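Enquirer: coords please:
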Amino acid sequence: MFKREYIPRGQEDIVYSSTISWRHFKPTLINLGIYAYILAVWIYDIRAYYNFGKHILCPAVAIMFGVAFVVSIILPSQRVEIAKSVKKFVAGYVTIIFLYKFVISAVSGVSAENLSAAFNQNLPAASGTTIIGWLQTLLWIAAVLAPVKEVSAICSRIGQFYGTKAKSKAIREIRDYRENKRPY
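Expert: Numbering: from 1, shown residues only. Alright, predicted model coming up:
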C-alpha cells in the first residue's frame, strides 16, 4: 500500500523502515469520526424527539447495527462491505431525522392565512394544521420503513451469498449440461 524499504537483518528477520505520517492514521481517524458523529446525532435525535426517539429511533438504529453485526459474522468475506454500507446508511438516516426536526419546527408556525397570502388563493382554515400532520406522517414513514429496508437489504446478502440451490445440485446441472444430458 505504501512504499516501504526493508532492510534484511537475517534470513527470517525483515525490518521495515518508514516514518509515521498523517496518511497512516487518516483513514482510521476519519472512520472513528464518522462513528462519533453517528453516535452524537443519534443521541440528540433520541432526546429531541422524546418518546418517539426513545421507542422508534433508538431501537431502529440499534437493530440496523445489530443485524449488520450478525450478518458480518455469518459472512466474513463481506464484512467490510456490510460495515461501509451500514455506516453510510445510518449516518444519512440520523442526519435526515436531525434535519427533519427543524423542518417541522419551521413549518409549524405557518397558518392558513399565511398559505392564502403565499398562493394568492383562498384556502380552508384546516390547511395550516394539515401540513403539520402530513409532515408528521412522513416522519413516521421515513423513521420506520428506512430501517426495515436496510435490514432486509443486509439480510438479503445471506441468500445471495449461499444461493438458492445446493452446491452439489448446481455442479450436477453444469456437468449434465456439458455432457449434453438433459436434467429432466
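Enquirer: so who does the residue nearest to the spatial centre of the chain touch?
Expert: In the chain, the residue lying closest to the centroid (C-alpha atoms, centre = their mean) is Phe89, at 2.1 Å. For Phe89, the contact set (C-beta atoms under 8 Å, 6 or more residues apart in numbering) comprises 64, 146, 150. (C-beta placed from N, C-alpha, C; glycine too.)
Enquirer: where does it sit: helix, strand or coil?
Expert: helix (DSSP: H, G, I helix; E, B strand; the rest coil).
Enquirer: what does Gly109 give?
Expert: coil.
Enquirer: and it, how far from Ile132?
Expert: Separation of Gly109 from Ile132 (C-beta to C-beta, to the nearest Å): 10 Å.
Enquirer: Ser21 too?
Expert: Counting by C-beta to C-beta, the gap from Ser21 to Ile132 is 53 Å.
Enquirer: what's the neighbour count on Gly163?
Expert: Neighbour count of Gly163, defined by other C-beta atoms under 10 Å: 10.
Enquirer: sorry, wrong one. I was asking about Ile74.
Expert: 13.
Enquirer: what about it, distance to Phe161?
Expert: Taken as C-beta to C-beta, the span from Ile74 to Phe161 is 8 Å.
Enquirer: of Gly109 and Ile132, who's got more company?
Expert: Ile132 (14 against 9).
Enquirer: for that one, give me its contacts.
Expert: Neighbour list for Ile132: 104, 107-108 [criterion: C-beta under 8 Å, 6+ apart].
Enquirer: change it to 10 Å
Expert: Neighbour list for Ile132: 104, 107-110 [criterion: C-beta atoms under 10 Å, 6 or more residues apart in numbering].
Enquirer: repeat for Phe65
Expert: The contact partners of Phe65, taken as C-beta under 10 Å, 6+ apart, are 38, 83, 86-87, 90.
Enquirer: identify the farthest-apart pair in those.
Expert: Ile38 and Ala83 (12.3 Å; C-beta to C-beta).
Enquirer: and which of the contacts of Phe89 is nearest Phe98?
Expert: Ala146 (13.7 Å).
Enquirer: the closest one and Ala60: what is the separation?
Expert: Relative to Ala60, and taking C-beta to C-beta, Ala146 is found at 8 Å.
Enquirer: what do you get for Pro27?
Expert: 28 Å.
Enquirer: neighbour count winner among these two?
Expert: It is Ala60, of Pro27 and Ala60, that has more neighbours when counted by other C-beta under 10 Å, with 23 against 9.
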